[in-house]
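**Q** got a sequence here, can you build the structure:
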Amino acid sequence: MEFHDATLRVRYAETDQMGVVYHSNYLIWFEIGRVELMRALGFEYKLMESEDDCYIVVAEASCRYLRPARYDEILRVRTRISQAGNRVMKYAYELLRDADGTLLATGATTHVICGRDGKPKQLPEKYRARFRQFAGKPEKKVEAMK
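**A** Residues are numbered from 1 along each chain as shown. Reported below is the predicted structural model:
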């Protein structure tokens, strides 16, 4: 699949007393990956909400922890669009230690497109067409739009 990489450094506040990342932070990092992928595609959540009444609501999230992330490590969140439907979007994630490429975790999220009223709605075509370009293709890095 097409993917986008975002990097981050593990902060002290994200770890336990042993310097190991607390499990819930992985879902926050997946969100960072998702937002940065969308930004690379030329979209901003903030504008989708304000201009198009389009909210991408998390309906399901999963994470498989393989190895611990630790304080002060640089991590790479690799994000791809695994499905781009009219009302449902799915993303897949890999979390890697940047220094050696070790896979630390994998994950997935499913999102329902909703309006401000909380009711499901179709994703506007201007987004749908761009997302579908990158869903289900051979692995290739998504480059930011210029």
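
**Q** quick one: the strands in the chain?
**A** 2-9, 55-65, 74-84, 88-97, 103-114, 140-141 (DSSP state E).

**Q** and these, which one is worst for confidence?
**A** Lowest mean pLDDT within those: strand 140-141, a mean of 53.

**Q** how much space separates the closest residue to Ile56 other than its chain neighbours from Leu123?
**A** Distances taken as CB to CB, 6 or more residues apart in numbering place His111 nearest to Ile56, at 4.6 Å, with adjacent residues excluded. No exception for glycine: its C-beta is placed from N, CA and C like everyone else's. Between His111 and Leu123 the distance is 10 Å, computed by CB to CB, to the nearest Å.

**Q** identify the contacts common to the two.
**A** Here His111 and Leu123 have Met89 as joint contacts, going by CB atoms under 8 Å, 6 or more residues apart in numbering.

**Q** in terms of neighbours, single out the busier of those two.
**A** Taking other CB atoms under 10 Å, His111 and Leu123 do not tie; Leu123 has more neighbours (23 against 20).

**Q** so Asp72 sits right up against Glu14, yeah?
**A** No. Judged on CB atoms under 8 Å, Asp72 makes no contact with Glu14 at a distance of 10.4 Å.

**Q** those two - which one has more neighbours?
**A** Neighbour count, other CB under 10 Å: between Asp72 and Glu14, Glu14 has more, with 19 against 10.
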